[in-house]
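**Q** when you get a sec, could you give me coordinates for this:
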Amino acid sequence: PSPPPPASGPGPVLPRPSTPDEALRRLQEGNDRFVAGTPLHPNQSVELRQQLTGSQQPFAAVLGCSDSRTSPELAMDAGIGDLFVCRVAGNIATPAETASLLYAQAVLGTDVVLVLGHDDCGAVKAAIDVADGKMPAGEFAPLTDPIQPAVAEARRTGATGAAFLHEVIAANVRLVVATLPTQSAGLAQAVRAGQLTIHGGVLTLASGKIELLG
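**A** Residues are numbered from 1 along each chain as shown. Here you go, the predicted model:
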């Protein structure tokens, strides 16, 4: 079917997804609209903003990069109260980010967590430069050190140049996805109980498309 026309004002009110699968599908549909340039701008009315002053129940949490070009709310055409967003350069899972994601699930009832990386990531480039001895980690170590396992994993692919950078970015996302349940017993329990799913994706800056990783 053809995408809907762009909204001229506050968009429609979209009901909260009720399952992890529905939540992931909502994110994908929103990203499809963003890529096509036909956002609905849902759940952004003044009335809704006022209704949500007392509570929130975001259907998805996003652990994304701080990069100014990768706003999750824009990239997935989401509205007020839809996404619980943690952003840090390199989309790494520090203890604070992990605890925040657990809060989103355990207290707010979030159904899905998306770890969102992107191409041309400066934090990943810095981690590669540190690994190659081109720059000292210095004060950037808290950001570049957690990415080093992804650099090592990507080297095993034999990729070089831009392909190697892409492999590191994808490996970093996959490792964070795998690490979150090991860092939080609460997240692990929610996954086992079918109350939460954790996924990884990489956003391409030029197109805005988010490719989910297997």
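**Q** contacts for the lengthiest helix in the chain, please.
**A** Secondary structure of the chain per DSSP state H: the longest helix is helix 161-183. By CB atoms under 8 Å, 6 or more residues apart in numbering, the residues outside helix 161-183 that reach it are 63, 90-93, 95, 98, 101, 113, 115-121, 124-125, 127-128, 147, 149-151, 153-155, 157, 159, 187-188, 191, 198-202, 213. Any C-beta I mention is one placed from the backbone N, CA and C, and that applies to glycine too.
**Q** show me these that map onto helices.
**A** 95, 98, 101, 124-125, 127-128, 149-151, 153-155, 187-188, 191.
**Q** just the buried ones among the residues you listed, please.
**A** 98, 101, 124-125, 127-128, 150-151, 153-155, 187-188, 191 (16 or more other CB atoms under 10 Å).
**Q** if I look at the nearest residue to V85 once chain neighbours are set aside, how far off is A141?
**A** Excluding its sequence neighbours, the residue lying closest to V85 (CB to CB, 6 or more residues apart in numbering) is V62, at 4.9 Å. Separation of V62 from A141 (CB to CB, to the nearest Å) stands at 25 Å.
**Q** more neighbours, those two?
**A** V62 (28 against 13; other CB atoms under 10 Å).
**Q** L116 is in contact with that one, correct?
**A** Yes - with contact defined as CB atoms under 8 Å, V62 reaches L116; the gap is 5.6 Å.
**Q** what's the overlap in contacts for these two?
**A** Common neighbours of V62 and L116 (CB under 8 Å, 6+ apart) are P72.
**Q** what sits against E97?
**A** For E97, the contact set (CB under 8 Å, 6+ apart) comprises 63, 86, 88.
**Q** lowest confidence element among the helices and strands of this structure?
**A** helix 46-51 (a mean of 93; mean pLDDT, DSSP states H and E).
**Q** what does that helix rub up against?
**A** Under CB under 8 Å, 6+ apart, the answer for helix 46-51 is 10, 13, 79-81.
**Q** can you redo these as JSON lines with secondary structure?
**A** JSON lines is the format used below for the contacts of helix 46-51 (DSSP: H, G, I helix; E, B strand; the rest coil):
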{"residue": "P10", "secondary structure": "coil"}
{"residue": "V13", "secondary structure": "coil"}
{"residue": "G79", "secondary structure": "coil"}
{"residue": "I80", "secondary structure": "coil"}
{"residue": "G81", "secondary structure": "coil"}
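**Q** can you pick the most crowded of the residues you listed?
**A** Most neighbours among the contacts of helix 46-51, by other CB under 10 Å: G79, with 22 neighbours.
**Q** can you read off the pLDDT for that one?
**A** Note on G79: pLDDT of 97.
**Q** okay, and the beta partners of L63?
**A** C86, V115 (DSSP bridges).
**Q** ok, it - contacts?
**A** If you count contacts by CB under 8 Å, 6+ apart, then L63 has 86-88, 91, 93, 97, 101, 113-116, 176, 180 around it.
**Q** most widely separated two among those?
**A** R87 and L180 (15.6 Å; CB to CB).
**Q** more neighbours: these two, which one.
**A** L180 (22 against 16).
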